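give me a model of this one.
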Amino acid sequence: MAIRTVKPTSPSLRYLTYVTYDDITKTEPEKGLLIPKRRTNGRNVYGRITVRHRGGGAKQMIRQVVTRSHAAEHSADPIGGFLFTAMEMATAPPREMTLWVIRDRCGRSHRCSVPHAGRSSA
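Next up, the predicted model:
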């Protein structure tokens, strides 16, 4: 993990440094954890176009995120502990959150949120 320094455009940024996660971050999402994003293309429940100029374009995919309890009940551990290996770090652009891609003992991939990562509430 590299340490990046910020260009000092103000006195408070002069000594600001932060850790980059470039070596463990993937740029392409894992294909097995993607689900298609459902769109209505401007149609109502009757199938009639109610909003103009919608539709077309490439199909968008959403990164599937599982909760920790859901991943634990689907793991091969009979005790119910968390026996996962963190493989890499990823981001979910629509959600603006940081995710870990983890693998369980059976080799299945899961994606869970990273605690205390992302924007602060203040």
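
assign a three-state SS to residue 32, would you?
Here residue 32 is helix, with the state taken from DSSP: H, G, I helix; E, B strand; the rest coil.

pretty sure it sits against residue 110.
No - between residue 32 and residue 110 there is no contact, the gap being 10.1 Å when judged by Cβ atoms under 8 Å. All C-beta spots, glycine's among them, are computed from the backbone N, C-alpha and C.

between these two, point out the one with more neighbours.
Taking other Cβ atoms under 10 Å, residue 32 and residue 110 do not tie; residue 110 has more neighbours (23 against 9).

so what touches the helix or strand hosting that one?
Using DSSP states H and E, residue 110 falls within strand 109-113. Residues outside strand 109-113 that contact it (Cβ atoms under 8 Å, 6 or more residues apart in numbering): 30, 32-33, 63-68, 71, 74, 84, 87, 90, 97-104.

give the buried residues for it.
110-113 (16 or more other Cβ atoms under 10 Å).

got it, and stretch 97-112?
97-102, 104, 110-112.

end-to-end on it?
10 Å (Cα to Cα, to the nearest Å).

so what pairs up with residue 63 in the strands?
With DSSP bridges as the criterion, residue 63 is bridged to residue 34.

how close does it sit to residue 55?
Applying Cβ to Cβ, to the nearest Å, the value for residue 63 to residue 55 is 23 Å.

neighbour count winner among the two?
residue 63 (19 against 12).

ok, now which ones touch the more buried one?
Counting by Cβ under 8 Å, 6+ apart, residue 63 has contacts 29, 33-34, 90, 92, 99, 111.

hmm, back to that, centre of the chain to the strand holding residue 110, how far?
8 Å (Cα atoms, centre = their mean, to the nearest Å).

and stretch 38-52, by the same measure?
That offset, for stretch 38-52, works out to 28 Å (Cα atoms, centre = their mean).

touching it from outside, list them.
Contact with stretch 38-52 is made by 53-55, 60, as judged by Cβ under 8 Å, 6+ apart.

redo that, cut-off 10 Å
53-57, 59-60, 62 (Cβ atoms under 10 Å, 6 or more residues apart in numbering).

still on that earlier bit, dump the contacts of residue 63 to a markdown table, plus pLDDT and distance to residue 16.
Conversion of those to a markdown table gives the following (pLDDT from 0 to 100; distance: Cβ to Cβ, whole Å):
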| residue | pLDDT | distance to residue 16 |
| --- | --- | --- |
| 29 | 76 | 30 |
| 33 | 80 | 34 |
| 34 | 85 | 35 |
| 90 | 73 | 25 |
| 92 | 69 | 26 |
| 99 | 77 | 25 |
| 111 | 78 | 30 |
